[in-house]
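> My questions are about this predicted structure, shown below with the sequence.
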Amino acid sequence: MAVLKSVRNIGHAVIDSIWRIGYAAHFFALILLNSGSSLRRFRLTVKELYFTGVMSLIIILVAGLFVGIVLGLQGYEILKRYGSESALGSLVALSLLRELGPVLAALLFAGRAGSAMTAEIGLMKASEQLAAMDMMAVSPIARVVAPRFWAGVISMPILATIFSVMGVFGGFLVGVVYIGVDDGSFWSQMQGSVEFTHDVLNGVFKSFVFGVAVTVISVFEGFDAPPTAEGVSRATTRTVVQSSLVILLLDVVLTAFMFRGN
């Protein structure tokens, strides 16, 4: 009996997971279908852009600067062993543009903006604001969900770019100002090694994909949250956990396709 119960529980869990994936895909399609009416009232998206993008700037700037400083310190110690200190600029820039910038910015975005979106939509559902919109023939997806989705998709690449720029600045402060690496070598090595199409655009594309994934998870979990305080709390936790795992999984897949020929 215990074995049958375990098998039954596993089956229920698998079926529930498949159902949620299908429901999330249907929900994503509804967001895209309702995006036209949402974008026509672009002030809603601008308002959410401020909430998701501008309000996340402080943590992105500070984290980017600190990551750049650490990269500069660690990179210099490694390169010094091989007499290649002048390549510090290349190391910092390529690490940030290809990998650390998009991934860390997306993780910070999920923790700050993604969880906030889930909590906000979940509380609107718990307080029956979404049901009231339905009764007034106002689509909650067009009015509430779609503006937040597009705000997240637009904000994420911009925030990742700012993160990388601040990281390069942090590496410059450590390498050139603090340690004493030659200024010209730092920038010339970086300029010679960084390719716009291969490095910069690939990093922007990564951050765009991360933005879509994190925002869809955030708004879906909020829209699907049970209308209770405990339900909203669990949905917020699921948003951060699922977003982090999806970011890392997508990073593996995208990196394998983008850089496998190099």
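Yep, that arrived.
> which residue packs closest to residue 223, ignoring adjacent ones?
Distance criterion Cβ to Cβ, 6 or more residues apart in numbering; nearest residue to residue 223, sequence neighbours excluded, is residue 121 at 5.6 Å. In this view, the C-beta of every residue, glycine as well, is placed from N, C-alpha and C.
> Surely the one you found and residue 148 touch.
Yes: counting by Cβ atoms under 8 Å, residue 121 touches residue 148, with 7.5 Å between them.
> Could you report the neighbour count for the residue nearest to residue 125 when sequence neighbours are not counted?
In this structure, residue 125 finds its nearest non-sequential neighbour in residue 227, 5.2 Å apart by Cβ to Cβ, 6+ apart. Neighbours of residue 227 under the rule other Cβ atoms under 10 Å: 15.
> re the thing from before, so for residue 121 and residue 148, which residues contact both of them?
Residues touching both residue 121 and residue 148 by Cβ atoms under 8 Å, 6 or more residues apart in numbering: residue 219.
> coming back round to it: mind pulling up the pLDDT for the residue nearest to residue 125?
At residue 227, the pLDDT value in this model is 84.
> Relative to residue 239, how far out is it?
17 Å (Cβ to Cβ, to the nearest Å).
> circling back to that earlier point, check contacts around the residue nearest to residue 223.
With Cβ under 8 Å, 6+ apart, residue 121 has these contacts: 130, 144, 145, 148, 219, 222, 223, 225.
> does it count as helix, strand or coil?
Classification of residue 121 using DSSP: H, G, I helix; E, B strand; the rest coil returns helix.
> Residue 42 versus that one, what's the distance?
Going from residue 121 to residue 42 by Cβ to Cβ gives 20 Å.
> What about residue 37, how many residues nearby?
13.
> which one is it nearest to, not counting chain neighbours?
Nearest to residue 37 is residue 142, by Cβ to Cβ, 6+ apart, at 4.8 Å.
> State the number of residues packed around residue 242.
Residue 242 has 18 neighbours, counted by other Cβ under 10 Å.
> ok, for it, nearest residue in space, not its chain neighbours?
Nearest non-adjacent residue to residue 242 (Cβ to Cβ, 6+ apart): residue 217, at 5.3 Å.
> about what we covered before: farthest-apart pair in the contacts of residue 121, please.
Of all pairs drawn from the contacts of residue 121, the one with the longest distance (Cβ to Cβ) is 148 and 225, at 14.4 Å.
> Which one's more surrounded, the two?
residue 148 (28 against 25).
> quick one, what contacts that one?
Here residue 148 is in contact with 48, 52, 117, 121, 215, 218, 219 (criterion: Cβ under 8 Å, 6+ apart).
> Kindly reformat those as TSV containing distance to residue 85, secondary structure and pLDDT.
TSV is the format used below for the contacts of residue 148 (distance: Cβ to Cβ, whole Å; DSSP: H, G, I helix; E, B strand; the rest coil; pLDDT from 0 to 100):
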residue	distance to residue 85	secondary structure	pLDDT
48	45	helix	88
52	40	helix	89
117	44	helix	92
121	50	helix	91
215	41	helix	94
218	43	helix	92
219	47	helix	92
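> Out of the residues you listed, which end up buried?
When those are checked for burial by 16 or more other Cβ atoms under 10 Å, the buried set is 48, 52, 117, 121, 215, 218, 219.
> doesn't residue 218 make contact with the third one?
Yes: when contacts are counted by Cβ under 8 Å, residue 117 is listed as touching residue 218 (4.2 Å).
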